[in-house]
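[1] Got a sequence here, can you build the structure:
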Amino acid sequence: MENSWIKRNKWIFVAGPLALAAFIALFGEVTMLLWNWLAPMLFGWRHITFWQAMGLLVLCRLLFGGLSHGGNKGSGWRQRRREKWEAMTPEEREKFRQRWGRCGGFPPPASETRETP
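    Alright, predicted model coming up:
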């Protein structure tokens, strides 16, 4: 069964790497063009080559994006925090606010705000 899937979809093994290479080359070219358009004019820096732009992209990924291949890393954490918050009783929420309020304060969610007449 798996072998028949490979036979029917063998174009993926050729088109996939080609599309990935084109995608990487496009991002490198766009980075180079933007840098060479903005950086020399704004900061007086030198123009860069395509390979320097590729190195800049890799460096930015390492510094700011990490090495994971996932999407938004914080989204799962936020969802779990929200579920835990929703499961708390009003007393537990107030105790939590009192204990952690010094860390920037947690405004009450819209579901808890009271409207005054």
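[2] Name the single longest helix found in the protein.
    helix 11-43 (DSSP state H).
[3] Would you tell me what helix or strand residue 48 is located in?
    Assigned by DSSP states H and E, residue 48 belongs to no helix or strand.
[4] Now the phi/psi pair for it, please.
    phi -120, psi 160 (degrees, to the nearest 10).
[5] Start the count at 5 instead of 1 going forward.
    Sounds good: first residue 5 from here, last item residue 52.
[6] and the nearest residue in space to it that is not next to it in sequence, how many neighbours?
    The shortest distance from residue 52 to any non-neighbouring residue, by Cβ to Cβ, 6 or more residues apart in numbering, is to residue 39 (5.4 Å). All C-beta atoms are positioned from the backbone trio N, CA, C, and that covers glycine. When counting by other Cβ atoms under 10 Å, one arrives at 17 neighbours for residue 39.
[7] Likewise for residue 32?
    With other Cβ under 10 Å as criterion, residue 32 counts 20.
[8] roughly how far apart are it and residue 103?
    Separation of residue 32 from residue 103 (Cβ to Cβ, to the nearest Å): 49 Å.
[9] Kindly report the same for residue 68.
    From residue 68 over to residue 103 (counting by Cβ to Cβ), the distance is 32 Å.
[10] now the helix or strand of the chain with the lowest mean pLDDT, how far from the centre of its chain.
    In the chain, no helix or strand scores lower on mean pLDDT, DSSP states H and E than helix 6-12, which sits at a mean of 72. Put simply, helix 6-12 sits 34 Å off its chain's centre (Cα atoms, centre = their mean, to the nearest Å).
[11] who does that helix touch, helix- and strand-wise?
    Applying 3 or more Cβ pairs under 8 Å, 6 or more residues apart in numbering; DSSP states H and E, one finds that helix 6-12 contacts no other helix or strand.
[12] Can you pull out the residues in contact with it?
    Where contact means Cβ atoms under 8 Å, 6 or more residues apart in numbering, no residue beyond helix 6-12 reaches it.
[13] again, but for stretch 27-36
    With Cβ under 8 Å, 6+ apart, stretch 27-36 has contacts from 52, 53, 54, 55, 56, 57, 58, 60, 61.
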